[in-house]
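Asker: need a 3D model of the sequence below.
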Amino acid sequence: DIFQHDDEQRLGSKDFQGVLRTLGRKHDLTGKMRESLLTLGRMLTFLSQAFESRQDKETRGHVKTLTRDVASLQDHTSFLTAKLSYLQDATLGLINNEQNNIIKIMSVAAMVFLPPTLFASMWGMNFQYMPDLHWRLGYPFAIIVMIVSAVVPYVWFKRRGWL
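Answerer: Numbering: from 1, shown residues only. Sure thing, here's the model as predicted:
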């Protein structure tokens, strides 16, 4: 159930679609309850007006009690509707946070691999006159530059707390 607070409930569950479906069904149910209670309230108002002219105090008392009960149930239904709306907003907020984390990781991965890709593509061009082409340490130097250019953004993101 949505309002369960037991330790048995899986708090770490990420079945957001199921939660949203359940919340939607509960919202529909509370909507039907509100409509029914509104109809009952109107009926009791009509009934109390009909019994107002009669001398039967006991029946009038019962109608007043029923009217108060229906009003109380309407208040409780309004509370449940507000609680369901809050839970739906909270669930959508969790979905938004999860999507933001995924986009953040993808952005960091792109940023980490962009500099080495730039160096590899630049050195992969087959021009006749390129510096470092005939240098004996050119290949190890290129590998080291690509590794350093990947590690530096990673360390920078890690220190800023983005990972």
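Asker: show me the shaky parts of this structure.
Answerer: Low-confidence segments of the chain, defined by pLDDT under 70: 1-13, 55, 127-129, 131-133.
Asker: and the host helix or strand of residue 109, what other elements does it pack with?
Answerer: Element membership of residue 109, judged by DSSP states H and E, is helix 57-123. Other elements packing on helix 57-123 under the criterion 3 or more C-beta pairs under 8 Å, 6 or more residues apart in numbering; DSSP states H and E are helix 16-52, helix 138-159. To be clear about C-beta, it is placed using only N, CA and C from the backbone, and glycine gets the same treatment.
Asker: and the contacts of the last one?
Answerer: What that stands for is helix 138-159. With contact meaning C-beta atoms under 8 Å, 6 or more residues apart in numbering, helix 138-159 is reached by 108, 111-116, 118-120, 123, 132, 135, 163.
Asker: could you redo the last one with a cut-off of 7 Å?
Answerer: Helix 138-159 is contacted by residues 108, 111, 112, 113, 115, 116, 119, 120, 123, 132, 163 when judged by C-beta atoms under 7 Å, 6 or more residues apart in numbering.
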